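S.K.: let's see this in three dimensions:
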Amino acid sequence: LGIQPGFWGSPELEYIHSKDDIKTYPLINYAAVWDAKTRSSMHELKNIPMKKMIIVGNSREDDTFFKLKHHNLKLSNKKILFLSLPFYDKAEFDIFLDKAFSFLEKIPQEEKIVRPHPNERNDYIYQELIDEYNLKNVQISKDEDIIFPLSQAKFVVTGNSTAVMEAILLKKPTIMLDVFDKGYSKFVNSVESVSTSSDLLNCFNNIKKHNKQITLKPKAYNNIARLIIKLI
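M.R.: Numbers count the residues shown, from 1 in each chain. Modelled structure (predicted):
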């Protein structure tokens with residue numbers, strides 16, 4: 001049983017990609033997926049048979065609920081949160097970071113949090129960018145769960161990050177910075193994407209100034225447990 005960990009799942013849990021070689025055995029017999037949209041998409045893009053995918057609900061909702069409860073966190077709307085996303089191409093990565101930090105530079109009065117991606121090892125580049133853009137009221141978040149900076153955010157900027165799901169669950173205004181028009185927003189239709197720092201600033205200035213109540217309903221792990229028992 002392969003459990004969907006992010007937007008689409010993980011390559012090591014998937015069936016073969018080529019429909020021309022359907023005799024290749026999959027590494028899983030069944031996949032537990034979040035919803036009908038993901039189920040349909042994985043069938044079209046990953047060649048996983050529909051009958052082999054079982055909808056269990058979004059496990060990120062369970063995780064978010066229990067993290068808030070465990071850490072006794074109260075949601076607030078105090079800071080701008082930038083969630084970075086490493087690119088394989090350094091030139092593209094530099095341009096992505098330039099657009100993000102140019103936006104942060106335009107809001108000097110706001111408190112800001114910069115969050116390197118967990119896969120990044122060179123965190124020092126962010127301190128260098130903070131100095132280069134002369135940013136004030138900014139901190140770097142690392143070695144802590146994403147729930148901590150997210151719980152404080154009033155505006156979230158990121159690339160194609162799975163953390164978008166937690167931001168949506170927490171009703172945090174979120175924008176995808178898609179500098180090269182790679183189509184990030186197709187993964188989450190409810191989240192707008194922009195390509196420039198000016199567009200980011202416009203989105204930030206248009207945030208509705210009201211608090212949204214959140215209601216999380218953890219159920220995915222119970223459904224997964226029931227599925228495992230059924231399969232056994």
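S.K.: tell me the helix or strand right after the longest helix seen in the chain.
M.R.: The longest helix of the chain (DSSP state H) is helix 90-105. Moving toward the C-terminus from helix 90-105, the next helix or strand (DSSP states H and E) is strand 111-115.
S.K.: buried ones in the next helix or strand after that next one?
M.R.: Per DSSP H and E, the first helix or strand lying C-terminal to strand 111-115 is helix 124-132. In terms of neighbour count (16 or more other Cβ atoms under 10 Å), helix 124-132 has its buried residues at Y126, L129, I130. Every C-beta, even on glycine, is put in place using the N, C-alpha and C of the backbone.
S.K.: please apply the same query to stretch 41-52.
M.R.: Of the residues in stretch 41-52, those buried under the neighbour-count criterion (16+ other Cβ under 10 Å) are S41, M42, H43, K46, N47, I48, K52.
S.K.: same check on stretch 215-232?
M.R.: Judged by neighbour count (16+ other Cβ under 10 Å), stretch 215-232 contains these buried residues: L216, P218, A220, Y221, N223, I224, L227.
S.K.: which one of those residues sits closest to V194?
M.R.: Lowest distance from V194 to the buried residues of stretch 215-232 (Cβ to Cβ) belongs to L216, with 27.9 Å.
S.K.: so what's the closest one up against?
M.R.: Neighbour list for L216: E61, T64, F65, L68, L169 [criterion: Cβ atoms under 8 Å, 6 or more residues apart in numbering].
S.K.: hang on, the earlier thing: closest to V156 out of the buried residues of helix 124-132?
M.R.: Y126 (16.7 Å).
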